[in-house]
Every structure is written in C-alpha cells, then in structure tokens.
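J.: Sequence and predicted model, in that order:
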Amino acid sequence: GAVVSQHPSWVICKSGTSVKIECRSLDFQATTMFWYRQFPKQSLMLMATSNEGSKATYEQGVEKDKFLINHASLTLSTLTVTSAHPEDSSFYICSASTGDYSNQPQHFGDGTRLSIL
Amino acid sequence: DAKTTQPNSMESNEEEPVHLPCNHSTISGTDYIHWYRQLPSQGPEYVIHGLTSNVNNRMASLAIAEDRKSSTLILHRATLRDAAVYYCILRPSGGSNYKLTFGKGTLLTVNP
C-alpha cells in the first residue's frame, strides 16, 4: 500500500515552454503533499508544501509564480514549471503523507527528470 | 530543526551486515528518528523510524542509543540492491512542523 505515482517520469522541452508534473496518491488520501527538487550529486531540497483545497506554502527562495502548485483533490497535486529555462532542469520529486505526520512515513514518487533545451 | 551527522560514504560486502551510524546530539525529546534511502535515479524510499525503543521491520533494524543522541541503521545482510544513499532525519512531533529536511546522507557501496 501507500503508493505515490508521478507522471511523466521524463520530459524534454524547449526553453520558454511550461511543463506540468502530476503527483497522485493511488491507494490513500493525502491532505498534504510535498514537492522537492534535486540537482545532480546533491540532496533533496524542499520546494513547497501542498495542502488540499488551499494555497501551497513555498520555501524561502522558491518563486511561487514560476512553480505553480495545485492540490485540487485528496489524491492529486500538480506542479507546473512556467516559462522553463535550462537552469530549471532538475529531478523533481513529490511525496505524500497521511495522519500524524511525525509518526508516519512519507511516500515518494519515482521522480520526474526535466531537461530544458 | 535538530541536525544529524552521517559519514559521507561507507562500503560493505554482499551478504555481510552493515551498520550505518547517525549522530543527533541536539535531538529533542519529541523528535522521531526516520531513515530513508534513495536508489540511483529514483525517489526516496522509507526504511524505518523510531522514537526511543529499538525497531525492527522487514527491511532493517534501528538501534537507538539510550540518551537518543545517536542511532544506527542495521542492514542484516547487504545485497547489491541495498546500494543507495541513506538519510537519517529527525521529525518533530506535534504542530505543523512535518517537513522532511534531507542532509547529504551516507552513500553505501555494496561489493559483490
């Protein structure tokens, strides 16, 4: 149980286009989902916390107008990278949790590798 | 957030036990100790977590020091599939502080 599906797993697009990444909890409801970014040889950095039915909370230094997050249902959150540029190329990973967050694991998707040409 | 300290890398041989240490000297009484691992080109995977007592599951064991200032993740028989970066993370209980803050972790290499 507790499967998180992320789509697409890999995308290449031209500079200036917008890219949408989906994160779905397949067998549980997730009131909160998290979006991370990971550059090569580096650790995961939290970008934002996505709450169902409300605005996302962004970490310091993350442009909310560039990284649009929508969490319209208890099983789906989307991250849209608007007007993507080569420096946005990275590995984007989502996760979801249920219940009492401190005593519950987070379940991660397999990530989306984004390459901007 | 309370921080953790892990060795940058460790090496093991296949089918031998592996002990991955984590120091967390500033841990508070309500912090849970979580372990995740990340295989190459994949998202992290939950391994185990605990508060005060040692914990066992199908993947690993977690040994927590009596003063809780350190813990050890134990893989009883390493396989090639266990080669990954292992992250030790503290998660405060209560309130809304449920974010996971990843450090650099320990890169485990398993030799055949």
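T.: Structure's in. What do you need? Quantities reported herein were computed from a predicted structural model and do not represent experimental measurements.
J.: Tell me what the residue most central in space within chain A is bridged to.
T.: For chain A, A:Trp35 is the residue whose C-alpha lies nearest the centre (CA atoms, centre = their mean; 3.4 Å). Counting by DSSP bridges, A:Trp35 forms beta bridges with A:Ala48, A:Cys94.
J.: Now do the contacts for it.
T.: A:23, A:46-48, A:50, A:67, A:69, A:77, A:79, A:92-94 (CB atoms under 8 Å, 6 or more residues apart in numbering or on different chains). In short, each C-beta sits where N, CA and C put it, glycine included.
J.: Look up the pLDDT of residue 93 for me, please.
T.: Looking at chain A here, since you left the chain open. Listed pLDDT for A:Ile93 reads 97.
J.: hm, I was asking about chain B
T.: 72.
J.: That one contacts A:Gln104, correct?
T.: No. At 10.7 Å, B:Ser93 and A:Gln104 do not qualify as touching, with contact defined as CB atoms under 8 Å.
J.: and the gap between the residue of chain A positioned farthest from its centre and B:Ala60?
T.: The C-alpha centroid of chain A is most remote from A:Asn103, which lies 21.9 Å away (CA atoms, centre = their mean). A:Asn103 sits 18 Å away from B:Ala60 when distances are taken as CB to CB, to the nearest Å.
J.: for A:Ile12, same thing?
T.: Counting by CB to CB - A:Ile12 and B:Ala60 are separated by 37 Å.
J.: and A:Cys23, bridged to which residues?
T.: Here A:Cys23, judged by DSSP bridges, has bridge partners A:Gln6, A:Ser77.
J.: and it, how many neighbours?
T.: Neighbourhood size, A:Cys23 [other CB atoms under 10 Å in any protein chain shown]: 28.
J.: Can you list the residue ranges for helices in chain B?
T.: In chain B, no segments count as helices under DSSP state H.
J.: Up against chain B, what does chain A have?
T.: Neighbours of chain B within chain A, by CB under 8 Å from any CB of the partner chain: A:4, A:6, A:32, A:34, A:36, A:43-46, A:49, A:91, A:93-95, A:97, A:100-103, A:105-111, A:113.
J.: taking those residues one by one, which sit in strands?
T.: Counting by DSSP state E, the part of the residues of chain A next to chain B found in strands is A:4, A:6, A:32, A:34, A:36, A:45-46, A:49, A:91, A:93-95, A:97, A:107-108, A:113.
J.: Lowest-confidence one in the residues you listed?
T.: A:Ser97 (80).
J.: just to revisit the earlier point, switch the contacts of A:Trp35 over to JSON lines; also include distance to B:Thr72.
T.: Shown next, in JSON lines, are the contacts of A:Trp35 (distance: CB to CB, whole Å):
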{"residue": "A:Cys23", "distance to B:Thr72": "33"}
{"residue": "A:Leu46", "distance to B:Thr72": "26"}
{"residue": "A:Met47", "distance to B:Thr72": "31"}
{"residue": "A:Ala48", "distance to B:Thr72": "33"}
{"residue": "A:Ser50", "distance to B:Thr72": "34"}
{"residue": "A:Phe67", "distance to B:Thr72": "37"}
{"residue": "A:Ile69", "distance to B:Thr72": "37"}
{"residue": "A:Ser77", "distance to B:Thr72": "35"}
{"residue": "A:Leu79", "distance to B:Thr72": "36"}
{"residue": "A:Tyr92", "distance to B:Thr72": "32"}
{"residue": "A:Ile93", "distance to B:Thr72": "27"}
{"residue": "A:Cys94", "distance to B:Thr72": "30"}
